[in-house]
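Chemist: Sharing a sequence plus its predicted fold:
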Amino acid sequence: MKNMAEIPDNVEIRTREMHTAGEPLRVVESGFPSPRGDTILDKIRYTREHLDPYRKLLMYEPRGHYDMYGALLVPADNKDADIATIFMHNEGYSTMCGHAVVALGRYAVDTGLVRNPSSLETRVAIQCPCGLVEAFVEYKDGKTGNVRFNSVPAFVFATDVTVDVPGYGHVTVDIVYGGSFYAFVADSQYNFRLEEASIQDVRNAAGATTDALRKQLKLSHPESDDLAFLFGTIVTDGQDGQDGCSDTPSSNVCVFAERQIDRSPCGSGGTARIARQYHKEYIKLGQAKQFMGPSKAKFTAKAIKEVTYGGYKAVVVEVSGKGYYCGSSEFSVEEDDVIGRGFLL
């Protein structure tokens with residue numbers, strides 16, 4: 001630890017509780033110290049090195065749980081951004097999160113962070129660690145609704161990467177960037193079907209795959225080494241080829257960070273999955289697909305523009321869904337409560 005901040009006994013942290021497709025989002029509204037740094041990546045490094053006890057207090061038990069997710073709003077260093085955010089979870093910090101962007105789009109309009117919302121749809125520019133993401137929030141009669149967002153450029157980094165996964169043998173994956181790097185694996189490679197497997201079976205298989213890949217895979221990113229790490233493994237039902245281009249939703253489960261399960265279809269994962277399908281010529285520009293997560297909720301996604309990004313043939317992907325409010329929280333901690341400062345089972 002580097003001069004890690006102690007949480008004062010009189011701390012009061014207020015949050016707004018939300019979810020998108022069942023995946024939680026704890027939006028920190030006050031009480032979390034302001035991270036220092038000139039850029040959003042600097043702020044993540046500062047938070048990791050000096051303020052991490054605050055993440056654990058909010059993400060870990062007894063206030064959170066193993067699969068909790070959070071967003072800390074910080075001052076934007078991109079002049080085109082309306083808001084900027086750091087994403088938090090059980091392992092640390094994320095570079096992109098689609099379900100959080102969907103929820104934050106509504107939150108920004110509803111709380112006045114974006115002034116003078118437009119009729120029908122309001123644009124919210126959100127600076128994420130991976131770059132600027134445009135969200136478009138339905139706005140009618142003073143109420144917000146569905147949100148769609150346009151991703152940063154998404155691209156296939158490598159295909160047909162074979163890795164020896166302890167307990168599962170040789171597994172072949174594709175590595176794709178959708179704001180974060182993911183490995184994609186069809187469920188058949190683990191000898192189970194997503195619709196029949198327990199979530200623990202999926203967690204174990206995908207987590208073991210991520211662990212094995214992190215030991216052998218060297219990633220690079222066109223803009224920053226801070227973005228060049230494998231965030232997780234996404235297990236799909238294999239419906240990515242021509243037979244998978246019908247209107248029937250395709251299932252996937254994203255296991256990210258420290259084997260955390262995304263309840264939603266995963267926004268950044270869906271971005272990456274569309275980039276993979278486009279790369280393999282399974283879909284065309286503008287062809288919408290629906291992805292379904294463990295909660296059985298769906299996101300709709302499509303490639304809307306082809307771009308070149310750092311030498312990669314990339315696409316901008318549009319993902320749509322809706323975030324919901326669950327309530328508000330006010331958290332405190334007592335002086336002698338060591339356990340209450342955060343633990344995980």
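Modeler: In hand now; what should we look at?
Chemist: Break this structure into its domains for me.
Modeler: 12-151+325-341, 152-320 (the TED database).
Chemist: so which of those comes closest to residue 5?
Modeler: Residue 5 lies closest, by C-beta to C-beta, to one member of the domains of the chain: domain 12-151+325-341, at 5.5 Å. For glycine as for every other residue, the C-beta is placed from the backbone atoms N, C-alpha and C.
Chemist: Now do that closest one: distance from first to last residue.
Modeler: Start and end residues of domain 12-151+325-341 are separated by 13 Å (C-alpha to C-alpha, to the nearest Å).
Chemist: Distance from that domain to the middle of the chain?
Modeler: Here domain 12-151+325-341 is found 11 Å from its chain centre; the criterion is C-alpha atoms, centre = their mean, to the nearest Å.
Chemist: got any ranges where the chain has weak pLDDT?
Modeler: For the chain, residues meeting the criterion pLDDT under 70 lie at 1-2, 242-246.
Chemist: Please enumerate the helices of it.
Modeler: 40-50, 52-59, 98-110, 199-216, 267-279 (DSSP state H).
Chemist: Run the angle between the last one and helix 98-110 for me.
Modeler: An angle of 120 degrees separates the directions of helix 267-279 and helix 98-110 when computed by axes from the mean of the first three to the mean of the last three C-alpha atoms, to 10 degrees.
Chemist: need the domains of the chain in CSV with distance to residue 5, can you?
Modeler: Output for the domains of the chain, formatted as CSV (distance: least, C-beta to C-beta, whole Å):
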stretch, distance to residue 5
domain 12-151+325-341, 5
domain 152-320, 22
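Chemist: will you turn those into TSV that also has distance to residue 6 and mean neighbour count?
Modeler: Putting the domains of the chain into TSV (distance: least, C-beta to C-beta, whole Å; neighbours: other C-beta atoms under 10 Å) gives the following:
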stretch	distance to residue 6	mean neighbour count
domain 12-151+325-341	7	19
domain 152-320	24	20
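Chemist: Of these, which is nearest residue 4?
Modeler: Between residue 4 and the domains of the chain, the shortest separation by C-beta to C-beta is 6.2 Å, and it involves domain 12-151+325-341.
Chemist: Can I get the helices of the chain in a markdown table including distance to residue 81?
Modeler: Below are those laid out as a markdown table (distance: least, C-beta to C-beta, whole Å):
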| stretch | distance to residue 81 |
| --- | --- |
| helix 40-50 | 9 |
| helix 52-59 | 22 |
| helix 98-110 | 11 |
| helix 199-216 | 30 |
| helix 267-279 | 18 |
